[in-house]
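*Asks:* Dropping a prediction and its sequence here:
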2 protein chains.
Amino acid sequence: MARTEISTLGEFGLIKHLTKDIEVKNESTVKGVGDDCAILDYGKKLTLVTTDLLLEGIHFDLTYTPLKHLGYKAVMVNLSDIYAMYGTPKQITVSLGVSKRFCIEDLEQLYDGMKMACKAHGVDLVGGDTSASMTGLTISITAIGEAEKGQVVKRDGAKPNDLICVSGDLGAAYMGLQILEREKTVFKGQKEEDVNPDFSGKEYILQRQLKPEARVDIISHLKEKGIVPTAMMDVSDGLSSELIHICTQSGVGCRVFEDRIPIDYQTAATAEEFNMNLTTAAMNGGEDYELLFTVPLELHDLIEGVEDVHVIGHVCDKSLGMNLVTRDGQEFGLKAQGWNAFQ
Amino acid sequence: MARTEISTLGEFGLIKHLTKDIEVKNESTVKGVGDDCAILDYGKKLTLVTTDLLLEGIHFDLTYTPLKHLGYKAVMVNLSDIYAMYGTPKQITVSLGVSKRFCIEDLEQLYDGMKMACKAHGVDLVGGDTSASMTGLTISITAIGEAEKGQVVKRDGAKPNDLICVSGDLGAAYMGLQILEREKTVFKGQKEEDVNPDFSGKEYILQRQLKPEARVDIISHLKEKGIVPTAMMDVSDGLSSELIHICTQSGVGCRVFEDRIPIDYQTAATAEEFNMNLTTAAMNGGEDYELLFTVPLELHDLIEGVEDVHVIGHVCDKSLGMNLVTRDGQEFGLKAQGWNAFQ
């Protein structure tokens, strides 16, 4: 593959090169890339803003993450935050810090993934910053979106007796990561052409790790049925951690049931292979980017009719604590065992 | 000074600690730190968005940059971009990547500087992301602001015969950097307590480098007098580079006059000390964060009455090129000699 040094283009040339084919599509995008700021017009709607920083060696490992997938994922995790407010993402800005290890073709791959994610969700790339870095790759993305007044769903609105719902299944991205890390160890020190890992039967969990999808489909279904959750967030740090956030901010407790937690077959099989506790993986794995939300009890029948949404428990009074009820009826307090990157 | 490891708080604890005393002030800030997104209400106004990534070893050197100053500057450079659109900054989000070298007290210093900058400009800190990093300090800031419809000033509106204006003076931040770099070399290898550089007589240029101010005062004066520039941007990469941006995007040429370029006495004295060409320093130094803008010729008398604004030349037809006219009447084509971090 060709390798063209970034220095041949310089900063402005590089930005121009990477963004030359970008056309803005949204009415709210007045002006995209190319000035001191992007200009947006949100009319009477609310503006949502969220930002995420992804650092090489901390949030991703380029040994097994293709740059195109990384670009796609970096955008998705931000869009997921906009959906988690019951909003619609409209724009992103992208800042990159790039060491000399990377060439223009690498950045094209990364941008291709980002553009693909933008296209899939009707989002405009409206600006950013590209700079050299001393070490590795740094990606900082800010997503901006719109929401109707009175229809933003925060974390603090859960009420006792509300049903706790989660979309899709949990723990798969975490088990996908275990597979990738194991193969990395197995093939360490070997030449790239000799590395030929066998991922058959693991396609789903690998995809969950490498190419997560923000659940716009769930939001669309909820909106179609006129369901506005009382509280919502996306599952990025693990179900336990997110439940604690919602309960703490809403001033309530919760009961979730182990046998209700949705888990894919590949996740279960891989957990067994690794001799890991499946419920722990599902509760604390993280990076699922599913939606966790609460709805009033009277919407039970309506919510049961939404595809790929699972009722996993209910909200209760704060004094009852936040608990997981196991298959044999025991209760365990939830802990945010989620990954602490500072340790 | 105390040193408390970040791991004692963890990610969520750290964010809570650093943001606990933040109160949102702006009407457009509906919800700040603490959910998946910040929620903003810009009513009928336009929303401006800009983002900057600052990386240790590339954009700043902690050998001589106090963390509080760094936090202040990191915010200022973003606010400057909002002002450069004739807008008013209202919110920022802050993402940090922090290696183990840094402790909680360090981040408090950094945040103190950011909060000070926010306070000075009436800006709310509404969200962000804090993460571990493998090496050094990464700061990504996104600033959001408002502008009146029909009053946003882009780079593409300069017309032949417009006057070219610049605020303040140029080249000082660059000469301040030369001083800091020289002292760093002189004291290399010495113990910290033995380092006692003499900065007397260099206070202004050091402040320009370490604690730049976004020129809200100029924007206020222009608005008071009802002057809406035809094109504007802030001087971050150097006057030459910014003039080329405005001329290229506006499809025009320009003449700027060497003897009109505003330069402070300390800048001139230091350039002589370093045996550097003063005009080159002023044209290509960068990091001045002054405002460069164009206004119609008929506003000449009005613009002459705005304090600290200097007319340095005029816009001309594209066919006449972009030139600097020297004291002896020679013309030289402008070059974006600005720093190319990729080389």
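*Replies:* That came through fine.
*Asks:* looking at this, residue A:272 is in a helix?
*Replies:* Yes - judged by DSSP: H, G, I helix; E, B strand; the rest coil, residue A:272 forms part of a helix.
*Asks:* Quick one: residues contacting it.
*Replies:* residue A:278 (CB atoms under 8 Å, 6 or more residues apart in numbering or on different chains). All C-beta atoms are positioned from the backbone trio N, CA, C, and that covers glycine.
*Asks:* what separates it from residue A:330, distance-wise?
*Replies:* Separation of residue A:272 from residue A:330 (CB to CB, to the nearest Å) stands at 22 Å.
*Asks:* again, but for residue A:197
*Replies:* 39 Å.
*Asks:* Which one of these two is surrounded by more residues?
*Replies:* Taking other CB atoms under 10 Å in any protein chain shown, residue A:197 and residue A:330 do not tie; residue A:197 has more neighbours (14 against 10).
*Asks:* wait, doesn't the more buried one sit right on residue A:190?
*Replies:* No - counting by CB atoms under 8 Å, residue A:190 is not a contact partner of residue A:197; they are 10.7 Å apart.
*Asks:* Could you check which helix or strand contains residue A:281?
*Replies:* Using DSSP states H and E, residue A:281 sits in helix A:278-284.
*Asks:* Alpha carbons of that helix, in PDB - could you do that?
*Replies:* Coordinates of the C-alpha atoms in helix A:278-284 are reproduced here as PDB (Å, rounded to 0.1, in the frame of the first residue of the first chain):
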ATOM      1  CA  LEU A 278     -21.300 -14.500  32.400                       C
ATOM      2  CA  THR A 279     -23.500 -12.200  34.600                       C
ATOM      3  CA  THR A 280     -20.400 -10.200  35.600                       C
ATOM      4  CA  ALA A 281     -19.400  -9.800  32.000                       C
ATOM      5  CA  ALA A 282     -22.900  -8.600  31.100                       C
ATOM      6  CA  MET A 283     -23.300  -6.300  34.100                       C
ATOM      7  CA  ASN A 284     -19.800  -4.700  34.000                       C
END
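*Asks:* C-terminal to that helix, what's the next element?
*Replies:* Next element after helix A:278-284 (DSSP H and E): strand A:291-295.
*Asks:* Can you give the strand pairings for that next one, parallel or anti for each?
*Replies:* Strand A:291-295 has its sheet partners listed here by DSSP bridges as strand A:163-167 (antiparallel), strand A:231-234 (antiparallel).
*Asks:* can you redo the ones you listed as JSON lines with mean neighbour count?
*Replies:* Below are the strands paired with strand A:291-295 laid out as JSON lines (neighbours: other CB atoms under 10 Å in any protein chain shown):
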{"stretch": "strand A:163-167", "mean neighbour count": "24"}
{"stretch": "strand A:231-234", "mean neighbour count": "26"}
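*Asks:* Now render these as TSV, adding mean pLDDT and distance to residue B:212.
*Replies:* Listed next are those as TSV, based on pLDDT from 0 to 100; distance: least, CB to CB, whole Å:
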stretch	mean pLDDT	distance to residue B:212
strand A:163-167	98	46
strand A:231-234	97	37
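*Asks:* Quick one, which of the ones you listed gets closest to residue A:276.
*Replies:* Among the strands paired with strand A:291-295, the nearest to residue A:276 by CB to CB is strand A:163-167 (20.2 Å).
*Asks:* any idea how far the closest one is from the chain center?
*Replies:* Distance of strand A:163-167 from its chain centroid, counting by CA atoms, centre = their mean, to the nearest Å, is 17 Å.
*Asks:* C-terminal to that strand, which secondary structure element comes first?
*Replies:* helix A:172-186.
*Asks:* And that following helix, what does it pack against?
*Replies:* helix A:203-210, helix A:265-273, helix A:278-284 (3 or more CB pairs under 8 Å, 6 or more residues apart in numbering or on different chains; DSSP states H and E).
*Asks:* tell me the mean pLDDT for the longest one?
*Replies:* Spelled out, it's helix A:265-273. On average, the pLDDT along helix A:265-273 is 97.
*Asks:* now swap in the shortest one and tell me
*Replies:* Helix A:278-284 shows a mean pLDDT of 94.
*Asks:* again with stretch A:174-193
*Replies:* pLDDT averaged over stretch A:174-193 gives 85.
*Asks:* quick one: contacts of that stretch?
*Replies:* A:61, A:63-64, A:194-195, A:197, A:199, A:202, A:205-210, A:266-267, A:270-271, A:274, A:276, A:281, A:284-288.
*Asks:* Quick check: pLDDT value at residue A:248.
*Replies:* pLDDT, residue A:248: 95.
*Asks:* any idea how far chain B is from the residue lying closest to residue A:277 once chain neighbours are set aside?
*Replies:* Distances taken as CB to CB, 6 or more residues apart in numbering or on different chains put residue A:271 closest to residue A:277, at 7.2 Å, once the chain neighbours are dropped. Distance of residue A:271 to chain B, computed by CB to the nearest CB, to the nearest Å: 25 Å.
*Asks:* One more: residue A:141?
*Replies:* From residue A:141 to chain B the distance is 9 Å (CB to the nearest CB).
*Asks:* repeat for residue A:290
*Replies:* Residue A:290 is 13 Å from chain B, by CB to the nearest CB.
*Asks:* And residue A:341, what's its pLDDT?
*Replies:* Confidence score, pLDDT, at residue A:341: 49.
*Asks:* Equivalent analysis for residue A:156, please.
*Replies:* 95.
*Asks:* Likewise for residue A:169?
*Replies:* pLDDT, read off for residue A:169, is 98.
*Asks:* distance of it from chain B?
*Replies:* Applying CB to the nearest CB, the value for residue A:169 to chain B is 21 Å.
*Asks:* hang on, isn't that residue packed against residue A:266?
*Replies:* No - with contact defined as CB under 8 Å, residue A:169 and residue A:266 do not form a contacting pair (9.6 Å).
*Asks:* how about residue A:157, what does it touch?
*Replies:* Applying CB under 8 Å, 6+ apart, the residues near residue A:157 are A:229-231, A:250, A:294.
*Asks:* From residue A:250, how far off is it?
*Replies:* Between residue A:157 and residue A:250 the computed distance is 6 Å (CB to CB).
*Asks:* Which neighbours do those two have in common?
*Replies:* What both residue A:157 and residue A:250 touch, as defined by CB under 8 Å, 6+ apart, is the set residue A:231.
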